[in-house]
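Enquirer: prediction below, plus the sequence it came from.
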Amino acid sequence: MAAPLSSEPPADRAEFDAFAGAYDEALNRGLKFSGEAKEFFAEGRVRWLRRRLAVHGHQAKSVLDFGCGTGTACPYLFEGLGIESYFGFDPSAESVREAAEAHPGAAFSARAGDVPEAAFDLAFTNGVFHHIPPDHRESAVAQVWRALRPGGWFAFFENNRWHPGVHFMMSRVPFDRDAQMLFPFQARALLKTAGFEIVLGDSLFVFPGVLAFLRPLEPLLRGLPLGGQYLVLARKPANG
């Protein structure tokens, strides 16, 4: 095993331990207003990411899911990206236990020291950084930096702070009520400070379920801050 990462937790461990067994139920209290369940968004993020990576000719074989929770993204990353190995890290031991039971073919840990250094082609995070206190975010990004190989990519998905509907839905989710969302420009600045090269920024999930017939238009709207989430796709320099 390579040198360990920092033990600085990316989110409140006790908070998510308490919700691990009923995570989906709690999350769906907010998502129900979108007209979709969590699986729709999990699959949609990976499908979008696959297209964006393909444009740049990047084929990831190993993925770090940073703040993996109960492992929702795991099967979508395997199937959607065609990866060979997956490592899910989350400081919530109960969430990791749930994830390992649900996905026995993947590796999970609640210990930052178990995450190998310079081992991954791609790091993926979704809705994690709004749970990290602002003064801990740089150290969390540094963990991801060290875990990536030189030339590796970081797919940073976050909830859109510009979107009033997102604020409403998050207010209905017990573990999201006190979250401190990042604006897209804050996310880009955070990654740039760590040394990442920003490749692109996209907005996605513009139309709710009742307007699903308009979703084919969403790729045309990716440059506007209209979606419920955004993606900042960044790259660690090859000499990093």
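Expert: Everything's here; your move.
Enquirer: could you check the pLDDT of residue 163?
Expert: Looking at residue 163, its pLDDT is 86.
Enquirer: give the contact list for it.
Expert: By CB atoms under 8 Å, 6 or more residues apart in numbering, residue 163 lies in contact with 225-228. (C-beta placed from N, C-alpha, C; glycine too.)
Enquirer: give the residue farthest from the middle of the protein.
Expert: Largest separation from the mean C-alpha position in the chain: residue 213, at 26.4 Å (CA atoms, centre = their mean).
Enquirer: from the contact counts, what lies against the lengthiest strand in the chain?
Expert: Longest strand of the chain, by residue count under DSSP state E: strand 148-159. Identification of packing neighbours for strand 148-159 by 3 or more CB pairs under 8 Å, 6 or more residues apart in numbering; DSSP states H and E yields helix 38-55, strand 120-126, helix 184-194, strand 229-235.
Enquirer: may I see the buried residues of it?
Expert: 148-149, 152-159 (16 or more other CB atoms under 10 Å).
Enquirer: would you point out the most distant pair within those?
Expert: 149 and 159 (28.3 Å; CB to CB).
Enquirer: about what we covered before: which SSE is immediately downstream of the longest strand of the chain?
Expert: Downstream of strand 148-159, the first helix or strand assigned by DSSP states H and E is helix 164-171.
Enquirer: what is that following helix packed up against?
Expert: Using 3+ CB pairs under 8 Å, 6+ apart: helix 164-171 touches helix 23-31.
Enquirer: hmm, try it at 10 Å
Expert: Helices and strands touching helix 164-171, by 3 or more CB pairs under 10 Å, 6 or more residues apart in numbering; DSSP states H and E, are helix 23-31, strand 148-159.
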